[in-house]
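In: Got a predicted structure here, sequence first:
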Amino acid sequence: MRNRMQRICLVGFVFVCGGCAPTLYLIDRPTILEEQAAGDWHDLERETEPAVLKNKPEAFAPHLMGRGGERVLQTLPGEPPIKGSR
Amino acid sequence: MLFAKHGPYSYQNIRTHFGTGIAVAAFLMTGFSWNFGFGFGSRFGFVYAGGVAMAQTSNSTSTQTQAQKQAKTFLRMAPLEKLTVGPYDNFQGVLTSDGTHLLLSQNINMATHVQVVDMTSVAARGHSKSLVSDTFDTRDPAASPSGKWVAYTSFERNARGQICVSPIEGNVRNCLPTAKNGARQPQWLSEDTVAYLEMAEDGETENLVSLDIQSKEKRTFFSDNILSFAFHPNGKFIVYSVAISKNGGVPSLRMRETGAKKGESQKIVFELPGLSGFPRFNSTGEFLYFSQFFNDTNSDGVIDGNDNAVPFRVSWGTVRSATTPIVPEQLISAEYNCGYPAASGLSLQATCNFEASLDIYRMPLAGVVPTHWTEEQILSAHAAARSLDERVLLLNTLRFRFPAKYDNAATVERLLSNHVVAFEFDAASYYAGVLAKKNASLAPTLQTLVALLDARNASLREKSKLPSPAFVSYVESLREKVRAQPVNEFSVLADVSFDWVLKKVDESGARWRSIDVSPFQSPMAIFIYGDLGKKILEEKAQTPEARMELERRLALHPALSEESQVSHALSYVNMLGQRDRDPKSRLQKLQTLSTGLLPDSVLDVFLKAELAAMELVVASDAKSERAGTLKLSDIFVKMKKRIFLKRGIYVRLLTQFTEFNKEQAVDMVASQWVSGTKLLDGEFVYAREQYLLMRLDKAYSYLNKNEIGYAGDVFYGAIRVTDDAEAHIGFMDARIRKGRGQELEKEYQDLAKSGFVAENFQLSQSWRDLQSSEIGVVKDSIKRLEQVIEADGYNPSVAWFLLGYAHHRVAIQSRHKLEFDRNAVESAHHAYSVALDLARANKRLLAPLYSNLGHLHSLAHNYGQAASFYSERLKLPFSSEDDRVAVTWNAARLAYAGNNAQQALHLMEGVLPVLKQTRFVRFQKAYLEHAAFYALDASNWEKAALYYEQYFANEGATSERNDLKARLGLAWAFWKIGRSDEAIAAAQKVLRTWSAVKSDELNSSILVPFRSDRYAAQALAVLSDLETEAGKAVELRRARLNILQGWENNLNAYSLKKNDWRTYVLRERQHIAALKTKVGDPLAAVAWEECLADAIKYYDVKKETSDAALFYSILNTLVVIVDRNAPVSPSLQSKLDENVPNYLARLAEIANGSTVLSTRWLRVSLLWNAFRVSRGQMSVVQEKQNREVLFANALVKEILDTDPAVLESLPGRAKMVEVLESK
């Protein structure tokens, strides 16, 4: 049955009349299959949006920042001359 | 000084915004108040140029904050402005003279095209376009003096290149006459004349030629192995680089007069290691710019244009008058690997490669070290440098700008030292040679050193594990040379090195151990001793104590500078910490290790600081904590003037306290660092930046503890002294969360009035607008944000991020079915991409950027890209499980959209266990249902059944439609894992319930309408597959067939193509006929007749795609008739007589070498003959003869030649033979 479902859903065309030329949508297989065979959860979609679409930095605690290799914390050996000055 | 590649430091803050007076005073007076501090301006290594406002780096804005005014005094290099962004390599960038357009070559999947980027506004920047067609390669863009025309190399008609000219608007192209052997690298000599390189007739050298586009007059200047060239704007001189020539010349930069005869050129000699190339003049001809390749950075055995490039410039007057090697001006640090320098307008453009992709950047014409810096400032920046390349840049700057004091042997020695420490042997050997000439007394020692370096350098090019004979011989010759020199401290080290590179590990180890380093006087010899020691001890897998002992010995060595001692002491205590992670046990060891050291020596101070830090870490009460803090304070006071020691201690303490999560102590060290460093000290920007990081960390810590008010106060403090964009957002967000959003307007007016906020006043206003649900308000914010960006605001990634978000909101608003505002999506993508580049390692910004980009591309149906951005988001942490669960829902959907059901399932399973702890618990049913669906598509039937069962067991809210879909999925999963009874029960339930579930209208405008009879049809398929009684199965299939036939005029509503639908109808008919045949139903032939009738009907309707349907119908009909001796009605007989020969003729016509069609032809032919024999229409003898003809047929020959087994496997053949034999 699943193979049938897949084949049924392989490619879908929807013509939407809009004036003289129809709008042609080419929809991919996973989208159609998900629409047809998986549940619709519009409330959940709406509720996840603020977590996905943000307009501010994430308030990560310092330990989540994984710091350590910053340039500020780098040190260099001195410039060793050929002959010592001491 | 810094030129930050990562983290907080960057060129950006020439105008870094820091109310130093206020802030430092606050530190000193308040004892590091937690609620007052510094934000951070730009934590990024460069800025992204916002448009025509490019050169407004230091004085562009009318209003300056307190922070900005103070920031002007900081020692910061000029910003490196990024002009391009995105996943592709961009190179050969050059701005038109008026700065309105950027031309570049862009490489996508090995195809290169010249692109034009409109630089007139921020909005235009996101929309670069190809100059001409993308169907062929183009490169080497050059803008005409007026900026109206572009010359470039095109590979459309000549694989070796042809010069073409197009208006900057593109499309039209006018190509110059094709040179036989190709042409490349056009440059404009005037508005009408283009110069370029043309391969000479000999095929080995290149002619430098020019062509007047109007008169077509062509002029050849000279021939050589020219790599690149530049004409002086006065037209009198040509500078060019040449490759190694056949007659033994070396790669070099040369100059000649335009009218000079062949061979009259002069080498331009720079006092620089490596090779020079890619010459370019600025528009006035005052300066010659070029790339220098110091070292063989890609280890391919030669220094060439593929190695890391460093742009330099030199005054043309100096070149013309030079009689000795020239010391040119280095423009940027080598670590940024910037090539293709192009000086146009007010800036220098270069292609830099320091973060895995090539991009175009621009910088001041004089490079990144500000021209107004004094000697002391450059020295201070040098002392604070964080990379050896940066040190070399600053030394070269000193040498160029203050030649009287720095163009001498001492500077060369320092350059040599840096290259030795960086293990850049080519450059080190070069400077050793220069130094030997400048300081004859060092010559013998330097010869030994050069031999040592040369051996190390040569060893890098050895490809095999064992040294090659040539290499052995070379190293031994070096050894001989060294032995011929008077013995010096390098002599024995050279011997150790030679043994080492010859893989004589034991010998080199023994020699090294025999060295007593304590009397050594040469710091460089001690450095090499230490380096060899590390290698030898690591190779012999010595205990860490041996390595620690080496570091300890070197940290105490009196001949080393304090900076070097600090470096060794730091390594020593780092290793100590790694050896013993338990602070109490470390404390004990430290007490022993720190005894007997010279008081206040570097190691003594380090160990005392380490002791105090451990005391603070293990402190169980406030009193002991205070004691540890006091001890540290004493140390801070003692090391006040010892800058390298101070830095080493701060770095070590920050690492330590971070390791043990001592937030207050980290904050205290950062505060101490900044307050204990002078404002004009090169170190100050680092100290300050570190402190700012800590302030923001502090504020975010409060947010995480839900102490919103405190967080707001810390952010506010950061704003007052830094005007930092991230602090602004944190502050406003905290205020809104505390219900004080309405006060913000007033607070910002006060901040502006007091001069604490300038450009970011606009940014903060925009952010508040972006909280609005009204799209008009959101659109208003776009203009404002563009102004912020053009004004080169602080922490620019935040402004770009918000600009992307604003465009994103517009795109969301425009969404209708599958349509959306493409311009808004492109603008959002561009702004987010710039923000992503500028955000660098700032995870707090990267996280929302990746997530938003995932959402944006999902909206634009770019599922692959969306999935990849979500995947990047998931690699970062989450502030809450709520966010993780929400993002994962979207990420899984995108993974599935990208045809990766397995990944989608994996993601879902990752969050199923934590759902209960989140606010998404009420959507548990949704997560279970989608997990089951992904499992089903991933053929993971067990999991699909499990999750569907859990879905039905869960009491959460859902819909009848979802239940119907899930029930069908459950039936299918059960069937696949052999739980037939449960599969039947589930499918029957679908059949009982579907009609009560409301469908969408057939003529609905919904793209994929819900049609409940679809589920009935599919449930019937499951049931008929599982039905063991043929009669019942026929009934089920009939019912399914009826449903399918009912769809014929509304296939769009079922997202079906006509031919697919026909296939399903035919297949049902075939199933029915086969079932009837199986049970000996006398009406089986009628069923086949119906089947064939449909096939013929559909075949007639759309021939090109229904071959398969007709083929299978004919084949199955014939197989059944022959195999089962089924009755054949006259009408069927007539259909067969009429259609099979026609079909065979058509197949023969179109097979044309196709194995598939030839096989079909053979199968049907053989069965057709068998059928005719069985019907008495053909004799056995005729059939046999005919079969031989068939096998000899050209159509079949290929099948038989390639795979004789094909014939054996033909369905029905066995029975056919049997039938024939029985005849």
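Out: It's in. Everything numeric in this text was worked out from a predicted model, so none of it was measured.
In: was I right about residue B:649 contacting residue B:607?
Out: No: Residue B:649 is beyond contact range of residue B:607, at 10.8 Å (criterion: C-beta atoms under 8 Å). The way it works is simple: take the backbone N, C-alpha and C, and place the C-beta from them, glycine included.
In: out of those two, which sits in the busier spot?
Out: residue B:649 (29 against 23; other C-beta atoms under 10 Å in any protein chain shown).
In: For that one, give me its contacts.
Out: B:605, B:606, B:609, B:635, B:636, B:639 (C-beta atoms under 8 Å, 6 or more residues apart in numbering or on different chains).
In: Try it again at 7 Å.
Out: B:605, B:606, B:609, B:635, B:639 (C-beta atoms under 7 Å, 6 or more residues apart in numbering or on different chains).
In: Which residue, other than its chain neighbours, is closest to the second one?
Out: Ranked by C-beta to C-beta, 6 or more residues apart in numbering or on different chains and with sequence neighbours excluded, the top spatial neighbour of residue B:606 is residue B:569, at 4.4 Å.
In: Which element, helix or strand, includes the one you found?
Out: In this structure, residue B:569 sits in helix B:562-579 according to DSSP states H and E.
In: Could you give the separation of that helix from the chain centroid?
Out: 35 Å (C-alpha atoms, centre = their mean, to the nearest Å).
In: Beyond it, next helix or strand please.
Out: Following helix B:562-579 toward the C-terminus (DSSP H and E): helix B:583-593.
In: Tell me the buried residues in that next one?
Out: Within helix B:583-593, the residues that count as buried by 16 or more other C-beta atoms under 10 Å in any protein chain shown are B:583, B:586, B:587, B:590, B:593.
In: quick revisit: counting neighbours, which of the contacts of residue B:649 comes out on top?
Out: Ranking the contacts of residue B:649 using other C-beta under 10 Å puts residue B:606 first, with 26 neighbours.
In: Quick check: end-to-end length of stretch B:496-510?
Out: 9 Å (C-alpha to C-alpha, to the nearest Å).
In: same deal with stretch B:332-342?
Out: So stretch B:332-342: terminal residues 14 Å apart, C-alpha to C-alpha.
In: What of stretch B:334-342?
Out: 17 Å.
In: in chain A, which spans are helices?
Out: A:2-8, A:29-37, A:42-52 (DSSP state H).
In: can you tell me if the last one touches chain B.
Out: Yes: using C-beta under 7 Å from any C-beta of the partner chain, helix A:42-52 reaches chain B at A:44, A:48, A:51, A:52.
In: Let me know whether the last one touches residue B:887 as I believe.
Out: Read it as residue A:52. Yes: judged on C-beta atoms under 7 Å, residue A:52 makes contact with residue B:887 at a distance of 5.7 Å.
In: more crowded one of these two?
Out: residue B:887 (25 against 21).
In: Might one say that that one is in contact with residue A:51?
Out: Yes: Residue B:887 lies in contact with residue A:51 (C-beta under 7 Å); the separation is 6.1 Å.
In: circling back to that earlier point, per-residue confidence for the residue nearest to residue B:606?
Out: Predicted confidence (pLDDT) for residue B:569: 96.
In: how deep is it tucked in, by neighbour count?
Out: 28.
In: and what of the one 10 residues further on?
Out: A count of neighbours around residue B:579, defined by other C-beta under 10 Å, yields 14.
In: Any idea how far stretch B:1150-1162 is from the middle of the chain?
Out: 48 Å.
In: so what are the domain limits for chain B?
Out: B:408-542, B:551-678, B:1106-1223 (automatic domain parsing).
In: And the strands in the stretch 851-1000 of chain B?
Out: Taking DSSP state E, counting those that start in this stretch, the stretch 851-1000 of chain B contains no strands at all.
In: What residues does it have near chain A?
Out: B:851-852, B:855, B:877, B:879, B:882-883, B:886-887, B:889-890, B:896-897, B:899, B:923, B:926, B:929-930, B:933, B:936, B:961-962, B:965-966, B:969, B:972.
In: let's see it at 8 Å
Out: B:851-852, B:854-855, B:863, B:876-879, B:882-883, B:886-887, B:889-890, B:893, B:896-899, B:920, B:923, B:926, B:929-930, B:933, B:936-937, B:958-959, B:961-962, B:965-966, B:968-969, B:972, B:975 (C-beta under 8 Å from any C-beta of the partner chain).
In: confidence score at the closest residue to residue B:766 other than its chain neighbours?
Out: Distance criterion C-beta to C-beta, 6+ apart; nearest residue to residue B:766, sequence neighbours excluded, is residue B:781 at 4.0 Å. The model reports residue B:781 with a pLDDT of 94.
In: Quick one: neighbours of residue B:781, just the number.
Out: Neighbours around residue B:781, by other C-beta under 10 Å: 23.
In: So what touches the helix or strand where it lies?
Out: Per DSSP H and E: residue B:781 is located in helix B:775-790. Defining contact as C-beta under 8 Å, 6+ apart, one finds that helix B:775-790 is touched by B:48, B:50-53, B:121-123, B:759-760, B:762-763, B:765-767, B:769-770, B:772, B:796, B:799-800, B:802-803, B:806-807, B:809-810, B:813.
In: got the buried residues for it?
Out: Buried residues in helix B:775-790 (16+ other C-beta under 10 Å): B:777-782, B:784-790.
In: is it possible to export those to JSON lines including distance to residue B:824?
Out: Supplementary listing: those in JSON lines, determined by distance: C-beta to C-beta, whole Å:
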{"residue": "B:777", "distance to residue B:824": "16"}
{"residue": "B:778", "distance to residue B:824": "11"}
{"residue": "B:779", "distance to residue B:824": "10"}
{"residue": "B:780", "distance to residue B:824": "15"}
{"residue": "B:781", "distance to residue B:824": "13"}
{"residue": "B:782", "distance to residue B:824": "10"}
{"residue": "B:784", "distance to residue B:824": "17"}
{"residue": "B:785", "distance to residue B:824": "14"}
{"residue": "B:786", "distance to residue B:824": "14"}
{"residue": "B:787", "distance to residue B:824": "19"}
{"residue": "B:788", "distance to residue B:824": "19"}
{"residue": "B:789", "distance to residue B:824": "17"}
{"residue": "B:790", "distance to residue B:824": "20"}
